[in-house]
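Trainee: for reference, the sequence and a predicted model appear below.
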Amino acid sequence: MNAPNRHERFVVPEGEKKVEYVKDTKVQNAARFICNREDHTLGNIVRMQLHRDPNVTFSGYQIPHPLTPKVNVQVQTTKDSTPIRAFDESLTELVEEITTIKDVFQAELKNHHALISDKIRRLLVVPTGVRGTATIVV
Amino acid sequence: MVKKEKYGSSKPPPRKPKMQIRELTEDHVKFVLSETDTSIANALRRSMMTDIPTIAIDLVEVEMNTTVLNDEYLAHRLGLIPLISTQVDKMKSPLESEDDDFVDVEFTLDVTCTSDSTMDVTSDFLIPDPKYPDIVPVKYNPVADQIGGESQEGILIVKLRKNQQLKIKAIARKGIGKDHAKWNPTATAVYQFQPEIILHQAVLETLSLEQKEEWVNSWPTKAVKLNPVTQQVEVDNAELYQYDCECIAKAEAMGKPGLCTINQKTDTFIFTVESTGVLPPQQIVITALDRMLERLNTVQVALKLESQTHEDGGEFYDCKYLDIWLRCLNVWQLIS
């Protein structure tokens, strides 16, 4: 009846910003990034990546309501950095890390295929009795 | 404008995750992801379940339905039939499509029961779109090709009695698991932490051989074994441990607490990904990683845009210079 469309959870409507920057009015070097149409998948990895940054004094994320597809990432940094920069760098580092995982997986896949085909080949080798020669039955 | 400087204070070096494939078959893959954070492992798992485009029946037009199941029930059942989605990249979802894009795949089904016995209507009765003959249900074996015997592997849709009829047109579309679970390509996508079993040999030595045997036998999964030669308890295969704590309870019951400690290694993840058959399992992993990259990039681009349009976008640049500038301003105010 009044249920929102399912795709509203991940499609950014026209006129809506994907990321909104809200500067904290009371604390210096603190800000909130409102990521629209996002979920824990993004919020959690960004938060954990921000924790690795020594210039970040606070980082956390919340989903204000389970029915609103929105993630708020709160960041506070020391004066050697800014929330925007810390957030941007964490994203760059995450992209690098996931690219590494992808490359490693693809290399491993190639390796695995080579290993399997080698095993199959060895199984299919039938010695013919003559030393040093073998026929491959395929 | 001041160009931003490279980081001053030391930052931990980027992680170098490792990956090792244990098992790879046409329907599942088992791999170990290590030297990374739990958040990454969990994001990968979530991404595999909700972010991968696949094809599933989305719209059903019912022309005739005299079966025992109502139209909505049938539409739901049809939606859950896994369809081979290797060609999904060529498709566009209705949300992103323009006029002449490849959006719809039309299946038809027309069955009437003529026999006295009950008839099973399975996914094998679906007739694929002549334009896309490769988009078919998983393990599809068209009824027309079946000689004699009934279909074995087709997915049951409905059962018909004599003279009942079902005639429908079903339109399959591209979608993701976040929209509806029918687009989820995984049957299982889980990871477990590598268990770390530490046996305290000093305490174990106070047990008799029988007691040792009794304790080893109390493990529901045999992660440890009793070495018959040295008569010592050894860790055999730590991964078999299911975090059931039976061994700890048993040790306490025997009056010997602290026989072993068990920790989780939180940087090693043993993944098991099982495909429903719509995509090869390795493809699911790769696409999930691609989709994660895509999402991070979208956010990063949006962040750049937002920081530029925002009035204090200057924050993006180094604060040290801003400090100097403010100090100069103060000095200038003092002078004037």
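Mentor: Yep, that arrived.
Trainee: make it CA atoms for all contacts and neighbour counts henceforth
Mentor: Fine.
Trainee: need the nearest residue in space to B:P137, chain neighbours excluded.
Mentor: Once flanking residues are discounted, B:P137 sits nearest to B:L83: 4.2 Å by Cα to Cα, 6 or more residues apart in numbering or on different chains.
Trainee: and B:P142, by the same measure?
Mentor: Distances taken as Cα to Cα, 6+ apart place B:D124 nearest to B:P142, at 4.9 Å, with adjacent residues excluded.
Trainee: need the pLDDT of the one you found.
Mentor: You'll see B:D124 listed with a pLDDT of 92.
Trainee: could you confirm it falls within a helix?
Mentor: Yes: assigned with DSSP: H, G, I helix; E, B strand; the rest coil, B:D124 falls within a helix.
Trainee: mind listing the strands for the stretch 201-336 of chain B?
Mentor: Along the stretch 201-336 of chain B, the stretches classed as strands by DSSP state E, counting those that start in this stretch are B:224-226, B:233-235, B:260-275.
Trainee: what's the answer for the stretch 51-200 of chain B, then?
Mentor: B:54-65, B:105-112, B:119-122, B:156-160, B:165-175, B:186-199.
Trainee: mind listing the strands the third one pairs with, and their directions?
Mentor: Sheet neighbours of strand B:119-122, with direction, are listed as strand B:156-160 (antiparallel) (DSSP bridges).
Trainee: hang on, the earlier thing: contacting residues for the residue nearest to B:P137?
Mentor: B:L83 sits next to B:I55, B:A56, B:I135, B:V136, B:P137, B:V138, B:G277, B:V278 when contact means Cα atoms under 8 Å, 6 or more residues apart in numbering or on different chains.
Trainee: so B:A302 sits right up against A:V19, yeah?
Mentor: Yes: counting by Cα atoms under 8 Å, B:A302 touches A:V19, with 5.7 Å between them.
Trainee: which of these two has more neighbours?
Mentor: Legend: neighbour count by other Cα atoms under 10 Å in any protein chain shown for B:A302 and A:V19, higher for A:V19 (26 against 17).
Trainee: measure the more buried one to B:E252 for me?
Mentor: A:V19 sits 54 Å away from B:E252, going by Cα to Cα, to the nearest Å.
Trainee: can you show me the helices along chain A?
Mentor: A:40-51, A:83-124 (DSSP state H).
Trainee: lowest average confidence, helix or strand, in chain A?
Mentor: Least confident helix or strand, chain A: strand A:134-136 with a mean of 49, by mean pLDDT, DSSP states H and E.
Trainee: pLDDT weak spots in the chain?
Mentor: Using chain A here. A:125-138 (pLDDT under 70).
Trainee: wrong one, I was asking about chain B
Mentor: Within chain B, the stretches with pLDDT under 70 are B:1-9, B:148-151, B:311-336.
Trainee: that one: helices as residue ranges?
Mentor: Going by DSSP H, chain B shows helices at B:38-50, B:71-79, B:201-204, B:209-217, B:246-253, B:281-309, B:319-335.
Trainee: who are the packing partners of the longest one?
Mentor: Where contact means 3 or more Cα pairs under 8 Å, 6 or more residues apart in numbering or on different chains; DSSP states H and E, helix B:281-309 is packed against strand A:19-23, helix A:83-124, strand B:28-34, helix B:38-50, strand B:260-275.
Trainee: so what are the sheet partners of the first one and their directions?
Mentor: This points to strand A:19-23. Counting by DSSP bridges, strand A:19-23 is paired with strand A:30-36 (antiparallel).
Trainee: other residues contacting the strand it pairs with?
Mentor: The contact list for strand A:30-36, computed with Cα under 8 Å, 6+ apart, reads A:12, A:17-24, A:69-77, A:82-83, B:299.
Trainee: make a PyMOL selection of the buried ones in these.
Mentor: The command below creates a PyMOL selection of those among the contacts of strand A:30-36 that count as buried (16 or more other Cα atoms under 10 Å in any protein chain shown):
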select buried, (chain A and resi 17+18+19+20+21+23+69+70+71+72+73+74+75+76+77+82+83) or (chain B and resi 299)
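Trainee: now do the contacts for B:T36.
Mentor: B:T36 touches B:R15, B:K16, B:P17, B:D267, B:T268, counting by Cα under 8 Å, 6+ apart.
Trainee: reformat the helices and strands packed on helix B:281-309 as a markdown table; add distance to B:P142.
Mentor: Formatted as a markdown table, the helices and strands packed on helix B:281-309 follow (distance: least, Cα to Cα, whole Å):
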| stretch | distance to B:P142 |
| --- | --- |
| strand A:19-23 | 49 |
| helix A:83-124 | 32 |
| strand B:28-34 | 25 |
| helix B:38-50 | 29 |
| strand B:260-275 | 22 |
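Trainee: nearest residue to residue 94 in space, please, no chain neighbours.
Mentor: By default, I'm working from chain A. Spatially, and ignoring its direct neighbours in sequence, A:L94 is nearest to A:Q49 (7.3 Å; Cα to Cα, 6+ apart).
Trainee: look at chain B instead
Mentor: B:V103 (6.4 Å).
Trainee: up against chain A, what does the stretch 51-200 of chain B have?
Mentor: Residues of the stretch 51-200 of chain B that fall close to chain A, judged by Cα under 8 Å from any Cα of the partner chain: B:K178, B:D179, B:H180.
Trainee: follow-up on the earlier one: can I get the helices of chain A in CSV including distance to B:D145?
Mentor: Converted to CSV, those look like this (distance: least, Cα to Cα, whole Å):
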stretch, distance to B:D145
helix A:40-51, 45
helix A:83-124, 32
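Trainee: out of those, deepest packed?
Mentor: Per-stretch averages of neighbours, counted by mean count of other Cα atoms under 10 Å in any protein chain shown, single out helix A:40-51 among these, with a mean of 21.
Trainee: if I look at the residue in chain A positioned nearest to chain B, how far off is B:D134?
Mentor: Closest approach between chain A and chain B, counting by Cα to the nearest Cα: A:T41, at 4.7 Å. Using Cα to Cα, A:T41 is found at 33 Å from B:D134.
Trainee: for B:F193, give me its contacts.
Mentor: Each residue near B:F193 by Cα under 8 Å, 6+ apart is listed here: B:Q264, B:K265, B:T266, B:D267, B:T268, B:F269, B:I270.
Trainee: ok, back up a step: number of residues surrounding the residue nearest to B:P142?
Mentor: Residues near B:D124, counting by other Cα under 10 Å: 26.
Trainee: my guess is it meets B:V143, correct?
Mentor: Yes: B:D124 lies in contact with B:V143 (Cα under 8 Å); the separation is 5.7 Å.
Trainee: give the contact list for residue 93.
Mentor: Went with chain A since none was named. With Cα under 8 Å, 6+ apart, A:E93 has these contacts: A:Q49, B:P14.
Trainee: hm, I was asking about chain B
Mentor: For B:S93, the contact set (Cα under 8 Å, 6+ apart) comprises B:V103, B:R173, B:K174, B:G175.
Trainee: separation between it and chain A?
Mentor: From B:S93 over to chain A the distance is 11 Å, taken as Cα to the nearest Cα, to the nearest Å.
Trainee: phi first, then psi, for that residue.
Mentor: Dihedral pair for B:S93: phi -80, psi 160, per degrees, to the nearest 10.
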